[in-house]
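Asker: Sequence and predicted structure, then a few things I'm wondering about:
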Number of protein chains: 2
Amino acid sequence: MHGTDCNVTNFLRQSFYLWLIDICNVTVHDLAHLRFVVSEIIVNQRATLKTVAEACGLAVTTVSRALNNHDDIAPGTRERVQRVASDIGYVPNREGRALRTGQSHLISLVVPPHSSISGYTSSIIFSLGAVLRDHGYELCALPAYPDEDELNQIRSIVENRRADGVILTRTEPQDVRVRYLIEQGIPFVTHGRTELASAHAYVDFDNQAFAEQAAKRLIDRGCKRLMLIGPPAELTYANHMYQGFQRAVTCGGIDSVPTPDDLSFETPLASIREQIEALMASQDAPDGIVCGGEFAALAVIASLRDDSDPSASKVPVIAKQTSSVFDHTYPPIDTLYEDIDAAGVLLAESILSLLRQQGDAKSLSRLLKPQTRWRTDGT
Amino acid sequence: MHGTDCNVTNFLRQSFYLWLIDICNVTVHDLAHLRFVVSEIIVNQRATLKTVAEACGLAVTTVSRALNNHDDIAPGTRERVQRVASDIGYVPNREGRALRTGQSHLISLVVPPHSSISGYTSSIIFSLGAVLRDHGYELCALPAYPDEDELNQIRSIVENRRADGVILTRTEPQDVRVRYLIEQGIPFVTHGRTELASAHAYVDFDNQAFAEQAAKRLIDRGCKRLMLIGPPAELTYANHMYQGFQRAVTCGGIDSVPTPDDLSFETPLASIREQIEALMASQDAPDGIVCGGEFAALAVIASLRDDSDPSASKVPVIAKQTSSVFDHTYPPIDTLYEDIDAAGVLLAESILSLLRQQGDAKSLSRLLKPQTRWRTDGT
DNA sequence: ACATTAAATTGTGTCGTTTTAGTTTTGGCA
DNA sequence: TGCCAAAACTAAAACGACACAATTTAATGT
């Protein structure tokens, strides 16, 4: 670990010195400093500002300012410093910087416990995390305990400055977490909208359009009694979906079957199945179903095929699709695609803008459109 | 923000002082200090060791040692300090601590780009993250770019001390990342084994048992020509699965159909489908399939039903199950369950032990067994 | 009463970075 | 040559936590 005998041949040693002299543009009397740098590098300790400073024959301050592109450092010096820094592999110490500036360069993602959308967490983390990384931020996953107060978890991030920004999912119309974050002035972006008076940055999927297009498609296919299986009622987009659905139903002049209170696409699949089977046996049986969840849709389809009444398996289902499962389930069904990766990228861009204090909440709201994936002939 | 006029009534002010005096057990001449504490708290700045120290009438060092349960602090003092700290809501500053101790209290999880196992990332993050949080660690998600050198990503974590420990998934027999981490002496746990001579902490699912049990079941059901769809060949458990599968085939005295080279359960579903359809039409058609991936299994089943030959849809499929999809797909198929959440918890416990320097690699290796979920009558 | 030791507490310095408030150097101009 | 401002750079002081060495206090033995 210590400089011991580090088996560096004289040749290497010499060329290293020469390299340093070349790079650093120093004269011979600086060799003492060079020795310092060399030893540090050979001992394989992380390069710090001090290392770079010694290597350049400059003060730590100057190096810091040069690397941060301050304009009171001569352009030539700036360039030289940056070259040396990158050459000796200097990477700023996150903690040192954070301690000084109060910015941790960490973004918290509140991870929901169960995502009914297959691969949701994975996709979001991947796209979001990749973009953030490219901009020097890191993504911290914060599992949201379902039983703990949702606000407390956010509060601990904010009060202890555990992150510079927060990404929230599963928003509610009067989301207390959002209200709190606005109050505290912490940069945050939500995946999903709220109904709060004060605008905030969000990325959302147009669930109203989804439901409307889905219902319309079923109407075109001749359905007369539609049912919607949406998200749990407390989430903002439950209403969005319902609005879109109702609009299509009203325009089409057909009936809708009210969704049971305890039926959403996050209901345990076993229960979904029971409820659908019961429903299909009743007088209120729908003749077409719009389903907002992938797995739930699979369960619904399974229920319909299981039903003793053979006509039930003819009831068409239109689902929201986030993975490629539906490309390969039998029978093929119509779906509308929601691109989670795209949402992740937008979330990242939004939070980065907020952190750079560019753009206001309004400009940082995006609504993503569904993409049709019709697989039946429409009759 | 500044103390301005903070509208604290005299009553409150007084009772606050009294509370402090009560808590801190200080005499009147300390009121100057109390004033300091009060102002800090009212101005709503984060409590630091200094705040706690002033509140207790002790030195910063003493407080630090008391909070860290050093035994050179009198138990009474220790208790008092801890009570005050928790009362005024002191939370240690992660950066400050990290800068001094070199421990970031961050654990990196390398997130694979595509998880063929539905909900894998979500489950792992949730269970792993929750356990880590309970022990004062935070989970950082590090998306693994598929195109970048896998080693570079790890290297940057290690060299820049971005995390105290690493969790890896998708291990290969001669995993360069693992080799590097061992060499560097960084605490890490893998989800999946390697074939390296030097032992390291891992959590793995017994994929050999999975494949063997699955194949046996199919043999019991009368199959004579089995095929295995495993993970990509480079992953360690590809071989595990193959071993288990072959063993059952040999014991059962039946044939196996070699899996095409470019067919794994991570193959794009469209391609899986094509290949299965082609295979079923050929002379080599298997009469039973073991599939290690959930989505892939769905695709396989879809292919079989799509096949022009009606007998193909009778070919039984046994899949690995990680979610509850298969409880609700039609027709019901036999599966073996892998509990990802359990793996996450074990991964967390392992890395925590390593960080505490308790337990060696050997004691920190766990193999999780599959759980049968037979849904057919077995004929 | 005084020396000796153990127990409890404190002061100082350090980690890596940035900011504030300088100080030195340069070049232009009288 | 001297003077002055602008340009280029530097020293010192933070930020919060903790390790270490030094110091004070209490308890014991003689």
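Answerer: Yep, it's here.
Asker: what number of residues lie near A:Pro258?
Answerer: When neighbours are counted by other CB atoms under 10 Å in any protein chain shown, A:Pro258 registers 9. All C-beta atoms are positioned from the backbone trio N, CA, C, and that covers glycine.
Asker: before we move on, what about A:His135?
Answerer: By other CB under 10 Å, neighbour count at A:His135 equals 14.
Asker: That one is in contact with A:Leu352, isn't it?
Answerer: Yes. Counting by CB atoms under 8 Å, A:His135 touches A:Leu352, with 5.5 Å between them.
Asker: Now A:Tyr237: closest residue in space, sequence neighbours ignored.
Answerer: Spatial nearest neighbour of A:Tyr237, excluding adjacent residues (CB to CB, 6 or more residues apart in numbering or on different chains): A:Asn207 at 4.4 Å.
Asker: Check the gap between the one you found and chain B for me.
Answerer: From A:Asn207 across to chain B, the span is 21 Å (CB to the nearest CB, to the nearest Å).
Asker: Secondary structure element holding A:Val290?
Answerer: Using DSSP states H and E, A:Val290 maps to strand A:288-291.
Asker: Mind giving me the packing neighbours of the following helix or strand past that strand?
Answerer: Scanning forward in sequence from strand A:288-291 by DSSP H and E, the next helix or strand is helix A:294-306. In terms of contacts (3 or more CB pairs under 8 Å, 6 or more residues apart in numbering or on different chains; DSSP states H and E), helix A:294-306 is packed against helix A:269-281, strand A:288-291, strand A:317-321.
Asker: For chain B, find the nearest of those.
Answerer: helix A:269-281 (4.5 Å; CB to the nearest CB).
Asker: Helix A:294-306 and the closest one, what's the angle between them?
Answerer: Angle of helix A:269-281 versus helix A:294-306, following axes from the mean of the first three to the mean of the last three CA atoms, to 10 degrees, is 40 degrees.
Asker: for DNA strand D, what are the nearby residues on the stretch 51-200 of chain A?
Answerer: Counting by CB under 7 Å from any atom of the strand, the stretch 51-200 of chain A comes close to DNA strand D at A:58-62, A:65, A:72-74, A:77, A:99-100.
Asker: circling back to that earlier point, so who does the residue nearest to A:Tyr237 touch?
Answerer: Applying CB atoms under 8 Å, 6 or more residues apart in numbering or on different chains to A:Asn207 gives the contacts A:237, A:240-241, A:244, A:292.
Asker: Same check on A:Pro143?
Answerer: Contacts for A:Pro143 (CB under 8 Å, 6+ apart) come out as A:111, A:113, B:125-126, B:129-130, B:133, B:139.
Asker: Same question for A:Arg217.
Answerer: Residues counted as contacts of A:Arg217 (CB under 8 Å, 6+ apart) are A:318, A:334, A:372, A:374, A:378.
Asker: ok, and the most crowded of those?
Answerer: Result: A:Ile318 is most packed of these (other CB under 10 Å), 30 neighbours.
Asker: which one is that one nearest to, not counting chain neighbours?
Answerer: Of all residues not flanking A:Ile318 in the chain, A:Ala214 sits nearest, at 4.2 Å (CB to CB, 6+ apart).
Asker: any idea which element the one you found lies in?
Answerer: helix A:207-220.
Asker: can the following helix or strand past that helix be found next to chain B?
Answerer: Tracing the chain past helix A:207-220, the next element assigned as helix or strand by DSSP H and E is strand A:225-229. No. Between strand A:225-229 and chain B, judged by CB under 8 Å from any CB of the partner chain, nothing touches; the nearest distance is 13.6 Å.
Asker: quick one: strand A:225-229 to helix A:294-306, angle?
Answerer: Put simply, strand A:225-229 runs at 140 degrees to helix A:294-306, going by the same axes, to 10 degrees.
Asker: and for strand A:225-229, what are the contacting residues?
Answerer: For strand A:225-229, the external contacting residues (CB under 8 Å, 6+ apart) are A:211, A:215, A:218-219, A:241-242, A:245, A:249, A:254-259, A:263-265, A:272, A:279, A:284-293, A:296, A:300.
Asker: and with 6 Å instead?
Answerer: Applying CB atoms under 6 Å, 6 or more residues apart in numbering or on different chains, the contact partners of strand A:225-229 are A:215, A:218, A:245, A:249, A:255-257, A:259, A:265, A:286-291.
Asker: what's the closest of the residues you listed to B:Thr171?
Answerer: B:Thr171 lies nearest to A:Phe265 out of the contacts of strand A:225-229, by CB to CB, at 34.7 Å.
Asker: Redo the helices and strands packed on helix A:294-306 as TSV? Include mean pLDDT.
Answerer: Compiled in TSV, the helices and strands packed on helix A:294-306 are given as follows (pLDDT from 0 to 100):
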stretch	mean pLDDT
helix A:269-281	89
strand A:288-291	96
strand A:317-321	94
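Asker: Need these in CSV (columns: distance to B:Leu196).
Answerer: CSV is the format used below for the helices and strands packed on helix A:294-306 (distance: least, CB to CB, whole Å):
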stretch, distance to B:Leu196
helix A:269-281, 40
strand A:288-291, 47
strand A:317-321, 41
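Asker: how about those, which one is nearest DNA strand C?
Answerer: Nearest of those to DNA strand C, taken as CB to the nearest atom of the strand: strand A:317-321 at 44.0 Å.
Asker: Alright, I will stop here.
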